[in-house]
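# Kindly generate the corresponding structure for this input.
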Amino acid sequence: MVDVTAVISEPPFRAREQGLRPGADEVIRGRAAEQEMVRGLLRRTQQGRGGVLLVEGEPGLGKSRLLRDSTDAAAGLGFSLAAGAPDQLSRAIPFFALRAALPEPFAKFTADGHHDLPDTPTWWLGQLQAHLEQRAAVNPVLVCLDDLHWESPGTLAVLRTLSQALKWHPVAWILARCSSAQHDTEYLFSLLEKDGAPRISLGPLADDAVTCLLADAFGAPPDQSLLTLASGAAGNPSLLAELVGGLADDSAVEVTGGRAVVVLTVRSGNSGG
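Next up, the predicted model:
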């Protein structure tokens, strides 16, 4: 097998996040219940018992943003972090997400002079379990994997077995996928759910969350014209971010009378007379 070791210094989903403006994306609007589920998982892990949290949602609904918030919260609590994500092309590379999140076992194996990595899931299961047990003996660990709908069945099988083998260790798992991708990831999520893992299914933002999001972006509560315009995004955070960015670029929103108001600017050419 060709040796391909992915080393990622920062979770890939960080790079894909789009904020509304500097500082405005520091608060997740409309996801308080989901954030509390993450905090509960982290608290239990700090007490010595790991667990799994499943996250799914259509593109643009904030799945990756929730994962970013989760890793930030875990870092603040002193967790050792392991985060990664595959993509459509990496499906052919065995254990890609685990290589990205946990590069040390793979790098150590190649450093010892081995050029062909074993592709047996059972062999890697033992290596990864030993590595995570060692890390968890020092600090609680959060393994956060996004976009698992692109992963190979072998990796998904290892994830199920690893999460169960380490449930009596302070190792937390947050596993995320696109909800429209069924097949292997749905089977994995169903098995883990039967084993006790809660599942978060992200939906569109509620109206009050959209209102707060717009207020964060423009520095004042939105008036009806702005709310009507934003309703076209149907509560999709990614579409709302694009809308807000476009309005800001065009200086199309002004704060008037304590409200953020959509203004129309009519630009005309020279009308010499």
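
# Report the residue ranges of every domain in the chain.
Annotated domains of the chain cover 12-201, 207-262 [automatic domain parsing].

# Pipe those into JSON lines and attach mean pLDDT per row.
Output for the domains of the chain, formatted as JSON lines (pLDDT from 0 to 100):
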{"stretch": "domain 12-201", "mean pLDDT": "84"}
{"stretch": "domain 207-262", "mean pLDDT": "92"}
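
# Reformat these as JSON lines; add mean neighbour count.
Just so you know, the C-beta spots here come from the backbone N, C-alpha and C atoms, and that holds for glycine as well. Formatted as JSON lines, the domains of the chain follow (neighbours: other CB atoms under 10 Å):
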{"stretch": "domain 12-201", "mean neighbour count": "18"}
{"stretch": "domain 207-262", "mean neighbour count": "17"}
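
# what about stretch 184-203, start to end distance?
End-to-end distance for stretch 184-203: 22 Å, by CA to CA, to the nearest Å.

# and that stretch, how far out from the chain's middle?
For stretch 184-203, the distance from its own C-alpha centre to the chain's C-alpha centre is 16 Å (CA atoms, centre = their mean, to the nearest Å).

# who's in contact with residue 45?
51, 79, 140-142, 170-172 (CB atoms under 8 Å, 6 or more residues apart in numbering).

# Distance to residue 68 added to the residues you listed, as a markdown table?
Conversion of those to a markdown table gives the following (distance: CB to CB, whole Å):
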| residue | distance to residue 68 |
| --- | --- |
| 51 | 20 |
| 79 | 14 |
| 140 | 19 |
| 141 | 18 |
| 142 | 12 |
| 170 | 22 |
| 171 | 20 |
| 172 | 16 |
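
# from these, which is closest to residue 210?
Set against residue 210, the nearest of those by CB to CB is residue 142 (29.7 Å).

# Surely the closest one and residue 67 touch.
No - taking contacts as CB atoms under 8 Å, residue 142 lies outside contact range of residue 67: 10.1 Å.

# Please, where are all the strands along the stretch 1-150 of the chain?
Ranges of strands within the stretch 1-150 of the chain are 51-57, 80-84, 141-145, based on DSSP state E, counting those that start in this stretch.

# Max pairwise distance over the contacts of residue 45: which two?
Distances among the contacts of residue 45 were taken as CB to CB; the most separated pair is 51 and 79, at 13.3 Å.

# what touches both of these two?
Listed contacts common to residue 51 and residue 79 are 45, 172; contacts here mean CB under 8 Å, 6+ apart.

# now the helices for the chain?
Secondary structure of the chain by DSSP state H: the helices cover 12-16, 32-46, 63-76, 96-101, 103-111, 121-136, 153-165, 183-194, 207-218, 224-230, 237-249.

# Any chance of TSV for the ones you listed, columns distance to residue 176?
As requested, these are arranged in TSV below (distance: least, CB to CB, whole Å):
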stretch	distance to residue 176
helix 12-16	8
helix 32-46	11
helix 63-76	5
helix 96-101	11
helix 103-111	20
helix 121-136	19
helix 153-165	12
helix 183-194	10
helix 207-218	20
helix 224-230	26
helix 237-249	15
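
# if we compare those helices, which one ends up closest to residue 86?
helix 96-101 (4.6 Å).

# So which elements touch that closest one?
Applying 3 or more CB pairs under 8 Å, 6 or more residues apart in numbering; DSSP states H and E, one finds that helix 96-101 makes contact with strand 80-84, strand 141-145, helix 153-165.

# how about 6 Å then?
Contacts defined by 3 or more CB pairs under 6 Å, 6 or more residues apart in numbering; DSSP states H and E place helix 96-101 against strand 80-84.

# Please state the offset of the strand it packs on from the chain centre?
Averaging C-alpha coordinates over strand 80-84 and over its chain gives two centres that are 12 Å apart (CA atoms, centre = their mean).

# Identify all contacting residues around that strand.
Where contact means CB atoms under 6 Å, 6 or more residues apart in numbering, the residues beyond strand 80-84 that reach it are 8, 11, 71, 97, 100-102, 135, 139, 141-144.

# and the angle from it to strand 141-145?
Strand 80-84 and strand 141-145 are oriented at 10 degrees to each other (axes from the mean of the first three to the mean of the last three CA atoms, to 10 degrees).
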